[in-house]
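Student: Provide a 3D model corresponding to the input given below.
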Amino acid sequence: MTGPNPRSKARSSARLAAVQALYQQQMEKTPLTRLLDEFHQHRLGRTVDDDEHGDAVYAEAEVAFFDDVVRGVDARRAEIDAALTARLAGGWTLARLDKTMLQVLRAGAYELIARPDVPAAAAINEYVDVAKAFFDDREAKFVNGILDALAREVRA
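Tutor: Residues are numbered from 1 along each chain as shown. Below you'll find the model as predicted:
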């Protein structure tokens, strides 16, 4: 059995980095150009000085894909947020969601809405995996449910 192909792994890394960048943008209001430059220069595929694990290396990411997801979410935030809000349970708003969870959902929704070249199941599974990097299974199932509902509508 072989591991995931390098492009798949690079896209997975790009998705995780995109969620981190979108979180930073929301929390610090970092301008988009500066945000992308910071990730290109200091995060994507770079060594991290980590006391707990020694020097760790960020996995190589597909930079163009990372840029597309971050730019796409930024450009289409109102459309994406409306699509996500429509799938939340009654009484819930995006403002009530954990800030990281919101970025996972936004990035996943962007791919489902704007990247028909990415199979819906692949996008959903990838963002469920991203959610598992930050949350427990319950939250990962929430991501699966929201993105699956969105995919049924926008990919029908």
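Student: what stretches of the chain score poorly on pLDDT?
Tutor: Where the chain drops to pLDDT under 70, the residues are 1-7, 45-59.
Student: leaving out the residues flanking it, which one is nearest to residue 72?
Tutor: If you skip the residues right next to it in sequence, residue 72 has residue 110 as its closest partner in space, 4.7 Å away by Cβ to Cβ, 6 or more residues apart in numbering. Quick note: C-beta positions are derived from backbone N, CA and C, even for glycine.
Student: for the helix or strand encompassing the one you found, which residues meet the burial criterion?
Tutor: Per DSSP states H and E, residue 110 falls inside helix 99-114. Across helix 99-114, burial judged by 16 or more other Cβ atoms under 10 Å covers 100-114.
Student: about what we covered before: can you name the residues that contact the residue nearest to residue 72?
Tutor: Residue 110 sits next to 69, 72, 73, 76, 80 when contact means Cβ atoms under 8 Å, 6 or more residues apart in numbering.
Student: so which of those belong to helices?
Tutor: 69, 72, 73, 80 (DSSP state H).
Student: now distance to residue 93 too, for the contacts of residue 110, in JSON lines please.
Tutor: As requested, the contacts of residue 110 are exported to JSON lines (distance: Cβ to Cβ, whole Å):
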{"residue": "69", "distance to residue 93": "23"}
{"residue": "72", "distance to residue 93": "23"}
{"residue": "73", "distance to residue 93": "18"}
{"residue": "76", "distance to residue 93": "19"}
{"residue": "80", "distance to residue 93": "14"}
